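Enquirer: No letters, just coordinates:
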């Protein structure tokens, strides 16, 4: 089998590449990236003869159509703005694939993917990804699901990569259209502004207790479709305290707006000017603790009793996992595991489907544990319904 890893030398996906080299049975792994020097250095540093570097321009859709048919699976680790194009190309040429996030237009390709007899799974990182699989695990333990609360603490620097800086600004942009449908409750979608709905949540020992806020996220979109009994699905998250303080100040100051500002005779959206400034600042790439915290709480019924299933992740500290890698492994490793499950025929659904429909829980969590990512499960029956 042959795997194609797009963006395979990027901050996140290089951990996917490393994991595929260490654990996967692929006969060849082509690592494609726009930065050929970086991908070549990565491949040489890993030293696995199955890895082959390749120049790849994600803006060239026709090149995708020519390249993808040579592979059994396409592993997309590119920034989220390329997800739809990669997904569309996979469906067009009939090759299975997956990525780290999702947008509604991808799921509109479901019937075409079914006709091609392929599986494409958007959102196979930490959140979405591991969190979706926590909910699938809960669905196997409970008789019916009523509420899902997803919490994350993404402890990384503000701008470790251009795509991740864009993600952070997107989550705090009060003008973002996705803010109109942030959480699902009682059959309706509810809007929320940034920094709203704050509650304190206890994450694993490296992160501790943090204040988390509503964010528009993929899980809240897919889970009510996957589990029609859900009356509520919501995602709240945070970044390190200093990033939260900075984003809050920028938002309150109107600096995360699309309103144009003129500097040196050039007019640009304010948020783009701020993005360029933050990217050029060395402080934007500094962080005291690199880690990823996930907590999922599922409320439902079991044996006629109200039951709460809680899931909390744990992973090795940055001292063991190489500083920033302690964050990126939590995203890149589940992408690798998911790719291996799909390519080996273990996917539980065809078409364009979210992780909770497509991936089997037992091998998914078993493979995470092999790498040092464990999930603590607590199930409490609270009383008669």
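Expert: That came through fine. This structure is a prediction, so every number in the text was calculated from the model and none was measured.

Enquirer: quick one: secondary structure of the closest residue to residue 231 other than its chain neighbours?
Expert: Counting by C-beta to C-beta, 6 or more residues apart in numbering, residue 231 lies nearest to residue 146, which is 5.3 Å off, once chain neighbours are set aside. Heads up, the C-betas are built off the backbone N, CA and C, glycines and all. For residue 146, the assignment made with DSSP: H, G, I helix; E, B strand; the rest coil gives strand.

Enquirer: which ones are touching residue 146?
Expert: If you count contacts by C-beta atoms under 8 Å, 6 or more residues apart in numbering, residue 146 has them with 229, 230, 231, 232, 299, 300, 301.

Enquirer: I'd say residue 311 and residue 295 touch.
Expert: Yes: in terms of C-beta atoms under 8 Å, residue 311 counts as a neighbour of residue 295; the distance is 7.0 Å.

Enquirer: Got the domain ranges for the chain?
Expert: The chain breaks down into these domains under automatic domain parsing: 2-125+329-370, 130-323+372-384.

Enquirer: and the ones you listed as JSON lines, adding mean pLDDT?
Expert: Output for the domains of the chain, formatted as JSON lines (pLDDT from 0 to 100):
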{"stretch": "domain 2-125+329-370", "mean pLDDT": "97"}
{"stretch": "domain 130-323+372-384", "mean pLDDT": "95"}
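
Enquirer: Comparing these, which stretch has the densest surroundings?
Expert: Of all the domains of the chain, domain 2-125+329-370 has the most neighbours on average by mean count of other C-beta atoms under 10 Å, namely a mean of 21.

Enquirer: before we move on, the earlier item: and the furthest pair within the contacts of residue 146?
Expert: With C-beta to C-beta as the measure, no two of those lie farther apart than 232 and 301, at 14.6 Å.

Enquirer: Residue 15 and residue 200, how far apart?
Expert: 30 Å (C-beta to C-beta, to the nearest Å).

Enquirer: Would you agree residue 184 falls within a helix?
Expert: No: assignment of residue 184 by three-state DSSP gives strand, placing it outside any helix.

Enquirer: mind checking how far it is from residue 114?
Expert: Using C-beta to C-beta, residue 184 is found at 25 Å from residue 114.

Enquirer: what do you get for residue 259?
Expert: For residue 259, the distance to residue 114 - C-beta to C-beta - is 44 Å.

Enquirer: Span of stretch 133-150 from start to end?
Expert: Using C-alpha to C-alpha, to the nearest Å, one end of stretch 133-150 lies 12 Å from the other.

Enquirer: Sorry, wrong one. I was asking about stretch 139-149.
Expert: With C-alpha to C-alpha as the measure, stretch 139-149 spans 14 Å from end to end.

Enquirer: looking at this, residue 254 is in a helix?
Expert: No: going by three-state DSSP, the assignment for residue 254 is coil, not a helix.

Enquirer: is it true that it touches residue 270?
Expert: Yes: look at residue 254 against residue 270 with C-beta under 8 Å: they come within range, at 7.2 Å.

Enquirer: Nearest residue to residue 209 in space, please, no chain neighbours.
Expert: Residue 209 sits nearest to residue 202 (C-beta to C-beta, 6+ apart), 4.9 Å away.

Enquirer: quick one: contacts for that neighbour?
Expert: For residue 202, the contacting residues are 208, 209, 295, by C-beta under 8 Å, 6+ apart.

Enquirer: Sort out which of the residues you listed are in strands and list them.
Expert: Per DSSP state E, strands hold the following members of the contacts of residue 202: 209, 295.

Enquirer: Make TSV from the contacts of residue 202 and add distance to residue 33 to it.
Expert: Formatted as TSV, the contacts of residue 202 follow (distance: C-beta to C-beta, whole Å):
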residue	distance to residue 33
208	36
209	38
295	33
